[in-house]
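>>> What follows is a protein structure lacking sequence information:
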């Protein structure tokens, strides 16, 4: 289809994937598609999307065949409708429209469509880095349409993503598990030490991280930012009931919740490796236990500072325990937070397009989770600005049963992305003219 | 063999066992064997042993065939040599000796030999209760030879066993696990609450239980008791290196260690059900977590008091957290502690026999783990005293590779048990004459 629209396509090898059983298979290649503009001095926009989806079967509780696109009550149901085949198609409808009416594209479009996103985009980062000097040499900005509005009514642009520093704190006792009847009371149990350490990390009632120094690098909240959260289209009641499955909220205030989820760092205790995790009663004293927790970081927190604060704190708490067990603190995964420049040409283009198509100012949202490919795109293009521009609604149910995109959002979304390309072209040229 | 020795034997049905796959098989029957004495007014001794063993194969690291009894350097190697076929045979050698020399048995012997001990003695308790009025109606005492000396040199009698109250503390948040990126900061995480609760239960440096009231029912230590622990044949260095696999000890003092393992209650944290327990990094906020811990109890702690103290404490700590999650505290398993009467006829008989055969006063030891069948025997015999009289050494390696019993312990053990039967007969008759 890309080729029939005049695109130059190139399947790109993403290498081999190692399966859990140790065997290796070839990863599905990514697709690079370039659509050249015939206009002189047209800037270049890189757009990203993915074609793979989560598994789905009718038995999971779908009302319609998950792989049979079905329209019902103004919604288009089907696996991938919103994540992320629908948005990908919008880019191609935009190109087709120009071919049909023989219009020049306002930008050169460079599409990166992959098939491994739901498996962690394995191989893509290396691949993008390897074409940094070639494919990306003339890219002026990046647009990612792989997320969703906050609510149902107001479009948004996403301008921040949290990072993540994942810790494994190991307390090692001896070389074998012991029976609590035979040895309980005689030995210093690694589990007791670890639980003490884990209990000092975060406050139960407020969610505040108790690790000294951890907030040092967090930006001060500005009045403007606060107002942005206060005007967001977000319904606390439906968040509390549906999105969180009834898990109690730490606050009932909309802006506080939104900021806690995306603007401030948080610490979650995930579990303990090496301890008894099954049902029933097992009287083991585990020989070595590894506590897992992670800190979601925000701009401008650095991985080094976070790791140093946590290590210093954990070692200090462990020292107060008077334990002869051995302690190790490791970062087993780390990703940086990211924040776009709301005043830059990429964001101004998206805001202008939203206003033209929807008639409203978009919400400015930040994501709580990490989308590391965003940082990679900025990096390989030599620091050109990326934006996340969603078209689906907050209740689309990506990854869930009955995933959908509304007919309205699909059509208006295609218009939004198309208008955005025009605005991107205009604002990029203005920006270039300034220098 | 029992029958050829003049015994009356009876295989006793232990019912059906349900396997993990849901299928049911017939449990191996227990064997009741009665050897009547021809003496008038002979008392009746019930002896207990088991014939089943833990699995073993040469590949596990055995130097000899595990099911081929092999003598080497004065030791008899083979699975079951010390746990518990060797001790069981001693009882039969005792009977055979009397048949061979045409001597009357000093006691009626009622043997209970089972084949399910290594699988938790399933079905035996019910079975014993059902014959309380028949098989057990005339039993004057019980002897169990299914444990070991503390060290290598000095014989012991075991006069106490810890109980166990196993707790499951559930903190329930919502109906689904959440992603820490998307929702971390917004919700009150059940894991955070649970870790706080678990951190208040036991002191890391001393092993002291921090639950208020828990020591209320623990007996005061007497000077006599303390001396008994101080004279025990127990090597701290080899305990620290071999038995505990190098897990650090809370004390280096022999008596303190022995008392911590058996004379005082202890609390061990076993693990958490519902949290992430695997290797690697998973960024889950678990919806419901269940903390498992147990308290090893000692005479005269009651299950009710322990459960009440823990419940009151956990609820109080949870209340301070200001959490809107839901809490449940359950006892999922409970067994009573047990203590024999060292001044009673059964213990005096064992001490006298030990002195005659080994020329020394036995160590008086207590077990840290629970052996619930001991309490059952006392109960079904209407409160007649039970004793644990071990013949194997502390390094016999029950359940391990190269399990053995020394030739010396086997022969002297048979003599000890035999002499004990005579002493039991004499002292029981003296005791009866008093009343």
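On my side now, so go ahead. Note that the structure is a prediction, hence the values are computed from the model and not measured.
>>> how about the strands in the stretch 1-150 of chain A?
Ranges of strands within the stretch 1-150 of chain A are A:8-12, A:16-18, A:24-26, A:30-35, A:44-50, A:70-72, A:75-77, A:108-114, A:141-144, based on DSSP state E, counting those that start in this stretch.
>>> tell me what the fifth one is packed against?
Secondary-structure packing of strand A:44-50 (3 or more Cβ pairs under 8 Å, 6 or more residues apart in numbering or on different chains; DSSP states H and E): helix A:85-100, strand A:108-114, strand A:141-144, helix A:372-380, helix A:407-434. No exception for glycine: its C-beta is placed from N, CA and C like everyone else's.
>>> go with 6 Å
Here strand A:44-50 touches helix A:85-100, strand A:108-114, strand A:141-144, going by 3 or more Cβ pairs under 6 Å, 6 or more residues apart in numbering or on different chains; DSSP states H and E.
>>> Return the set of buried residues in the longest one.
Of the residues in helix A:85-100, those buried under the neighbour-count criterion (16 or more other Cβ atoms under 10 Å in any protein chain shown) are A:85-95, A:98.
>>> One more: stretch A:194-205?
So for stretch A:194-205, counting by 16+ other Cβ under 10 Å, buried means A:194-204.
>>> Now the two most distant members of those residues.
The most widely separated members of the buried residues of stretch A:194-205, counting by Cβ to Cβ, are A:194 and A:203 (18.8 Å).
>>> can the helix or strand bottoming out on mean pLDDT in chain A be found next to chain B?
Using mean pLDDT, DSSP states H and E, the weakest-scoring helix or strand in chain A turns out to be strand A:16-18, at a mean of 87. No - using Cβ under 6 Å from any Cβ of the partner chain, strand A:16-18 never reaches chain B; the gap is at least 14.0 Å.
>>> Residues touching that strand, excluding its own?
Residues from elsewhere that reach strand A:16-18 (Cβ atoms under 6 Å, 6 or more residues apart in numbering or on different chains): A:24-25, A:27, A:122.
>>> Can you flag the buried ones in those residues?
A:27, A:122.
>>> Dump the contacts of strand A:16-18 to CSV, plus distance to residue A:371 and pLDDT.
CSV is the format used below for the contacts of strand A:16-18 (distance: Cβ to Cβ, whole Å; pLDDT from 0 to 100):
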residue, distance to residue A:371, pLDDT
A:24, 27, 91
A:25, 25, 91
A:27, 20, 92
A:122, 15, 86
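>>> quick one: which helix or strand includes the residue of chain A positioned farthest from its centre?
Distance from the centre of chain A peaks at residue A:182, with 48.4 Å (Cα atoms, centre = their mean). Using DSSP states H and E, residue A:182 sits in helix A:180-183.
>>> ranges for the helices of the stretch 51-200 of chain A?
Ranges of helices within the stretch 51-200 of chain A are A:85-100, A:124-130, A:180-183, A:190-199, based on DSSP state H, counting those that start in this stretch.
>>> I'd like these laid out as CSV, including distance to residue B:374 and mean pLDDT.
Shown next, in CSV, are the helices of the stretch 51-200 of chain A (distance: least, Cβ to Cβ, whole Å; pLDDT from 0 to 100):
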stretch, distance to residue B:374, mean pLDDT
helix A:85-100, 68, 96
helix A:124-130, 63, 93
helix A:180-183, 13, 92
helix A:190-199, 29, 98
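>>> could I get the ones you listed as JSON lines with distance to chain B?
Shown next, in JSON lines, are those (distance: least, Cβ to the nearest Cβ, whole Å):
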{"stretch": "helix A:85-100", "distance to chain B": "19"}
{"stretch": "helix A:124-130", "distance to chain B": "17"}
{"stretch": "helix A:180-183", "distance to chain B": "3"}
{"stretch": "helix A:190-199", "distance to chain B": "3"}
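>>> can you put those helices in a markdown table and add distance to residue A:321?
Listed next are the helices of the stretch 51-200 of chain A as a markdown table, based on distance: least, Cβ to Cβ, whole Å:
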| stretch | distance to residue A:321 |
| --- | --- |
| helix A:85-100 | 52 |
| helix A:124-130 | 40 |
| helix A:180-183 | 19 |
| helix A:190-199 | 5 |
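>>> for the ones you listed, which one sits closest to residue A:393?
Comparing the helices of the stretch 51-200 of chain A against residue A:393 with Cβ to Cβ, the closest turns out to be helix A:85-100 (11.4 Å).
>>> mind putting the helices and strands packed on strand A:44-50 in a markdown table, distance to residue A:53 included?
As requested, the helices and strands packed on strand A:44-50 are exported to a markdown table (distance: least, Cβ to Cβ, whole Å):
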| stretch | distance to residue A:53 |
| --- | --- |
| helix A:85-100 | 7 |
| strand A:108-114 | 12 |
| strand A:141-144 | 17 |
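>>> of all those, which lies closest to residue A:49?
Of all these, it is helix A:85-100 that lies closest to residue A:49, at 3.7 Å by Cβ to Cβ.
>>> which secondary structure elements does that closest one contact?
strand A:44-50, helix A:407-434.
>>> picking that back up, please identify the buried residues of the helix holding residue A:182?
Within helix A:180-183, the residues that count as buried by 16+ other Cβ under 10 Å are A:180-183.
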